[in-house]
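**Student:** from the sequence below, what's the structure:
(one chain, ligands or ions: 1)
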Amino acid sequence: MKMILGIGAGYVGGPTMAMIAKKCPEYKVVVVDINQDRIKAWQSENLPIYEPGLKELVQATLNRNLFFSTDIQENIAKADIIFVSVNTPTKTFGTGAGKAADLQYWEKTAREIVRFSSSDKIIVEKSTVPVRTASAMEHILNANDKGIVFDVLSNPEFLAEGTAIQDLEKPDRVLIGGQETERGKKAISSLVELYTHWVPKEKILTTNVWSSELSKLAANAFLAQRISSINSLTAFCELTGANVHEVSKAIGMDSRLGSRFLCPSVGFGGSCFKKDILNLVYLCQHYGLKEVAGYWEQVVLMNEYQRKRFVQKMLNAMFNTVASKKIAIFGFAFKANTGDTRESSAIYICRELTEEHARVVITDPKALENARIDLKDIEEKLLFEPDPYKAADGAHAIAILTEWDCYRSLDYKKIYQSMEKPAFIFDGRNILDHQELFEIGFNVYPLGKTSLIH
Ligand SMILES: NC(=O)c1ccc[n+]([C@@H]2O[C@H](COP(=O)([O-])OP(=O)(O)OC[C@H]3O[C@@H](n4cnc5c(N)ncnc54)[C@H](O)[C@@H]3O)[C@@H](O)[C@H]2O)c1
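**Tutor:** Next up is the predicted model:
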């Protein structure tokens, strides 16, 4: 039985390898990680991450042809193909701090692969990395004196958290970048063959390595750019009486543009958008493309502006002070249907409100545990409450920060009755019926629409 190894059992590595195990039953798939607790959780009933459909997917193959392990050495030695999905966060030190990708985990993994291998292997770069990383890694890997040859392929992951299983099962495309040599082409064919187990051939795109690496950074930059673009218009709409939803619908019906990613919000979050754009900005600066770097950096700056603007709006509306006022935060995850809170706008907003001495109570159906970790340093100033009704009880204001479906169908009459008056609601995702809330008695502050104030 051929063996596929996944290194890194996180949001990408876990679901991706589980999908490969399901679709390719003739392979043994092993996922390793240095984090023992994570590996234990993957083997248990309580998976380390929440993702709709993930539990069923893992259960279908666990201990049949899908295995989780901390034995990196033995599994590297046995593997035929290795997918690397380790984290590549923004560098916090030295050259490029705050922008460049920190490749230490990637490089450490490459060195372990060399150390423990005794046969040729295909190495698949799943992590998002700067352009030219595959080639650098190929140098490290092939500078071995064992006579082993490694072929490095770039195969960026495009899944979105919250719909990861769907995205993995029916991807818009699978991108595989490889060297344009005979060996490179052979390696590409092996990976194409693996994906054709479930992905139609016309959706598998093969390119050179650098195009593939750049496409991932560019795709995230374009997606984030749409969010920042529509968010920039929310400020404009609020001042002029235009309605951002009408504008977004009108823009989105243009078939050249399409309707997705035009939802106003309190700012994008997630572990990837900001990191990948800053990585792109850094690369542009490195190559002397000052104007190009400035252009993309603006997408991140607009996101920060949107977060600040939201807090400022809360302050202005609540008579310029939130000190001692209880504020219920509905939703802490960076988006609905995930427990992931990395780079969530909620982190920033809760910190700002606490700075203003508000009594912040956070509720979220899946992300409270991560929220506690993110705000550990100010934990004593916060409350974490799984029940949204209790979170809102006695509050002066509610801020909707994640578009969880469960917040659409709450009994807002009951909530209004339990709150201090005047009761404020700031809808940072525009998911509620604003007119209805206004009629209940709330002062309603949507994004990109006129506020409804009594
Ligand atoms: N999260 C997403 O939605 C998403 C989507 C597409 C691409 N990506 C990219 O995929 C990569 C992984 O992202 P993630 O969200 O899964 O990160 P993550 O932090 O959830 O998982 C990475 C895992 O790698 C492990 N690891 C680090 N060094 C290791 C080593 N030497 N040996 C074994 N394991 C090691 C860590 O312990 C961690 O569990 C990143 O480059 C990210 O940009 C993420």
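**Student:** any idea how many residues pack against the single nearest residue of the stretch 351-454 of the chain relative to the ligand?
**Tutor:** Proximity to the ligand, evaluated over the stretch 351-454 of the chain using CB to the nearest ligand atom, is greatest for Asn370 at 11.5 Å. In short, each C-beta sits where N, CA and C put it, glycine included. Counted by other CB atoms under 10 Å, the residues lying close to Asn370 total 22.
**Student:** could you pull up phi and psi at it?
**Tutor:** Reported as degrees, to the nearest 10, the phi and psi values for Asn370 are phi -70, psi -30.
**Student:** got the residues of this protein near the ligand?
**Tutor:** When proximity is defined as CB under 6 Å from any ligand atom, the chain approaches the ligand at 7-13, 32-35, 38, 72, 85-88, 105, 108-109, 127-128, 157, 159, 161, 271-272.
**Student:** quick check: ChimeraX command selecting the buried ones in those residues.
**Tutor:** Selecting the buried subset of the residues of the chain next to the ligand in ChimeraX, with 16 or more other CB atoms under 10 Å as the burial test, is done by:
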select :7,8,9,10,11,12,13,32,33,34,38,72,85,86,87,88,105,109,127,128,157,159,161,271,272
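**Student:** who's in contact with the worst-scoring helix or strand of the chain on mean pLDDT?
**Tutor:** Lowest by mean pLDDT, DSSP states H and E among the helices and strands of the chain is helix 133-142, with a mean of 90. Under the contact criterion CB atoms under 8 Å, 6 or more residues apart in numbering, helix 133-142 has outside partners 103, 106-107, 110-111, 113-114, 123, 125, 149-154, 177, 179, 209-210, 213.
**Student:** so which of the residues you listed are in strands?
**Tutor:** In strands, defined here by DSSP state E, the members of the contacts of helix 133-142 are 123, 125, 150-154, 177.
**Student:** let me know the secondary structure of the residue of the chain at minimum distance from the ligand.
**Tutor:** Ranked by CB to the nearest ligand atom, the top residue of the chain for proximity to the ligand is Gly10, at 1.9 Å. Taking DSSP: H, G, I helix; E, B strand; the rest coil as the rule, one finds Gly10 in the coil state.
**Student:** count the neighbours of the closest residue to Phe310 other than its chain neighbours for me.
**Tutor:** Nearest non-adjacent residue to Phe310, counting by CB to CB, 6 or more residues apart in numbering: Val266, 5.0 Å away. For Val266, the count of nearby residues is 30 (other CB under 10 Å).
**Student:** quick check: phi and psi at Val266.
**Tutor:** Torsion angles at Val266 (phi, psi; degrees, to the nearest 10) stand at phi -80, psi 10.
**Student:** correct me, but it touches Tyr348?
**Tutor:** No - counting by CB atoms under 8 Å, Val266 stays clear of Tyr348, with 9.1 Å between them.
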